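I would like the atomic coordinates for the input below:
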Amino acid sequence: MIFYGVVLVLLLLSFFSDRKKTLKALKIAWKRFTGILPAFVLMLVLVSISLYLLPHELVMKYLGEEDISRGMVIAMLAGSLTLMPGFIVFPLCGILREQGVPYMVLSAFTTTLMMVGVLTLPVEKQYFGIKTALVRNGAGLIIAVIVAVVTGLVFSEVVL
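Here you go, the predicted model:
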């Protein structure tokens with residue numbers, strides 16, 4: 001709610017500062033929002049149906065706290081192999097969190113999803129060369145592990 005309040009105040013300041021530019025920006029934002037909305041709703045529906053069809057026990061067996069290392073590896077593999085926009089990933093992670101998936105596993109998934117691209121490797125190889133593409137993906141994988149472990153420490157899911 002605080003975020004919405006801050007945005008509203010800033011929008012009003014912008015409006016009173018320059019109505020024309022603010023209205024133009026709002027029209028552009030609305031156009032982009034309506035353009036992305038169908039894809040967002042479709043992906044959200046597909047993800048929701050998939051999660052509904054997957055038994056809770058199965059999700060918890062492979063991603064739950066029973067074996068957090070295994071869950072992290074599975075999440076990192078899934079994240080590395082998946083092409084999904086962030087606006088779908090974060091609601092998906094919220095749903096998985098409500099089912100009990102640890103923050104550490106969700107962190108591993110989202111970080112690899114954004115930083116490691118197995119499916120995009122051929123394109124990267126073509127433009128940047130194989131060495132650069134492999135180094136970038138390897139660095140993304142290492143960073144994902146570090147981020148996941150730090151997340152686990154912060155949320156007391158792992159103790160050193």
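
contacts, neighbours, all on C-alpha from now
Fine.

Near Glu157, how many residues? Count them for me, please.
16 (other CA atoms under 10 Å).

That one is in contact with Met104, isn't it?
Yes - counting by CA atoms under 8 Å, Met104 is a contact partner of Glu157 at 7.2 Å.

Now do Tyr52 against Pro102, distance only.
19 Å (CA to CA, to the nearest Å).

out of those two, which sits in the busier spot?
Ranked by neighbour count (other CA under 10 Å), Tyr52 and Pro102 place Pro102 first, with 22 against 10.

quick one, what contacts that one?
By CA atoms under 8 Å, 6 or more residues apart in numbering, Pro102 lies in contact with 63-65, 68, 157.

now the helices: where do they sit in the chain?
Secondary structure of the chain (DSSP state H): helices at 2-17, 19-53, 56-63, 68-81, 86-98, 103-115, 121-128, 130-154.

Now mean pLDDT too, for those helices, in a markdown table please.
Below are the helices of the chain laid out as a markdown table (pLDDT from 0 to 100):
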| stretch | mean pLDDT |
| --- | --- |
| helix 2-17 | 95 |
| helix 19-53 | 88 |
| helix 56-63 | 86 |
| helix 68-81 | 93 |
| helix 86-98 | 86 |
| helix 103-115 | 95 |
| helix 121-128 | 92 |
| helix 130-154 | 96 |
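
and these, which is most packed in?
Mean neighbour count (mean count of other CA atoms under 10 Å) peaks for helix 103-115 among the helices of the chain, with a mean of 25.

Return the list of helices and strands in contact with that one.
Counting contacts by 3 or more CA pairs under 8 Å, 6 or more residues apart in numbering; DSSP states H and E, helix 103-115 packs against helix 68-81, helix 86-98, helix 130-154.

Rebuild the ones you listed as JSON lines, extending it with distance to Gly117.
Listed next are those as JSON lines, based on distance: least, CA to CA, whole Å:
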{"stretch": "helix 68-81", "distance to Gly117": "5"}
{"stretch": "helix 86-98", "distance to Gly117": "14"}
{"stretch": "helix 130-154", "distance to Gly117": "7"}
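
quick one, which of those is nearest to Val7?
Closest to Val7 of the helices and strands packed on helix 103-115, according to CA to CA: helix 86-98, at 19.2 Å.

Tell me the helices and strands packed up against that closest one.
Using 3+ CA pairs under 8 Å, 6+ apart: helix 86-98 touches helix 19-53, helix 103-115.

List the contacts of the last one.
Right, the one you point to is helix 103-115. By CA under 8 Å, 6+ apart, helix 103-115 touches 63, 68, 71-72, 75-84, 86, 89-90, 93, 97, 137, 140-141, 143-145, 147-149, 151-152, 155, 157.
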